[in-house]
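*Asks:* here is the input, now give the coordinates:
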Amino acid sequence: MPTGAQIKRMVSILGDVAKLYGINDAFFIGGYPRTVAMGLPLSDVHDLDVATSTPGKASQLGGLLAEQTQGEIEERTKSTFVKAHGVEIDFQAASEHEFTSPYLHAFDIDATPLAKNIFDRDFTVNSLAIPLGRNEIIDITRRGMEDLQRRMIASILPAKDVLPKNPLMITRALRLHCKYGFGIEKQTWQAMLENVDSFRNKISPERQAIEAYLLSKYGESIHLLEQVGLPELSLEEMITTGEKEADE
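*Replies:* Numbers count the residues shown, from 1 in each chain. Now for the predicted structure:
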């Protein structure tokens, strides 16, 4: 886990590298913008996610950062992963499900890699973006800040459509609820209940165990797992397996 000071330093370095090479359309997405918007300490940030509005720029920026910092770099299927100065940074390419584009069109949003990435994420509270080198929060979905203020977990796209394809959202929603005290939107909660079997069938046993371990840090999770229909994730054997998997 990086310290808040390490996160702050890497945010600054990334801004400097982007400016040096004239990359003006790179954005932090995911947990870091949410943490900033909530006014929480940067020690709450585990890693950094970066996306760009121009195809190919994210991976280019990742390579430049690794070169400048002598960091470790790994090319993955949909991203470039860099570890430098104790911080993991995921430079993400465009990603979208087949039903994302109509929503971008409906909201009159250009289908850039950044917009596709954000609309393909899970919850509105994770949909904010911060431009590298600037203290500005961008709310592309136009719902992120509102849902943070009302402390509500809601799916970016209709929950009934996305939960069957991404059932890991079930345990991610429970973790956000436990950690921050957020409520869960009615439609999202209903879709969670309806896709428990998808979670069991589509999520690997190893990942299920890791989710069990992560949720075990919150006493409230036992009751929530019973409510949602995944009581097996509170079993001690599952939690112990997940702890071992998470440490590897």
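*Asks:* so what does residue 70 look like in phi/psi?
*Replies:* For residue 70, the backbone dihedrals are phi 60, psi 40 (criterion: degrees, to the nearest 10).
*Asks:* just the one 4 residues further on next, same as before
*Replies:* When read as degrees, to the nearest 10, the backbone of residue 74 gives phi -140, psi 120.
*Asks:* that one and residue 80 touch, don't they?
*Replies:* Yes: counting by C-beta atoms under 8 Å, residue 74 touches residue 80, with 7.5 Å between them. Where you see a C-beta, it was placed from the backbone N, CA and C, and this is true even at glycine.
*Asks:* between those two, which one's more packed in?
*Replies:* Set side by side, residue 74 and residue 80 show more neighbours around residue 80, with 22 against 11, by other C-beta atoms under 10 Å.
*Asks:* now do the contacts for that one.
*Replies:* Counting by C-beta atoms under 8 Å, 6 or more residues apart in numbering, residue 80 makes contact with 58, 59, 62, 63, 73, 74, 90, 91.
*Asks:* list the buried residues of stretch 19-31.
*Replies:* 23, 25, 26, 27, 28, 29, 30, 31 (16 or more other C-beta atoms under 10 Å).
*Asks:* okay if I get those as JSON lines plus pLDDT and secondary structure?
*Replies:* Shown next, in JSON lines, are the buried residues of stretch 19-31 (pLDDT from 0 to 100; DSSP: H, G, I helix; E, B strand; the rest coil):
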{"residue": "23", "pLDDT": "94", "secondary structure": "coil"}
{"residue": "25", "pLDDT": "92", "secondary structure": "coil"}
{"residue": "26", "pLDDT": "95", "secondary structure": "strand"}
{"residue": "27", "pLDDT": "96", "secondary structure": "strand"}
{"residue": "28", "pLDDT": "97", "secondary structure": "strand"}
{"residue": "29", "pLDDT": "96", "secondary structure": "strand"}
{"residue": "30", "pLDDT": "93", "secondary structure": "coil"}
{"residue": "31", "pLDDT": "95", "secondary structure": "helix"}
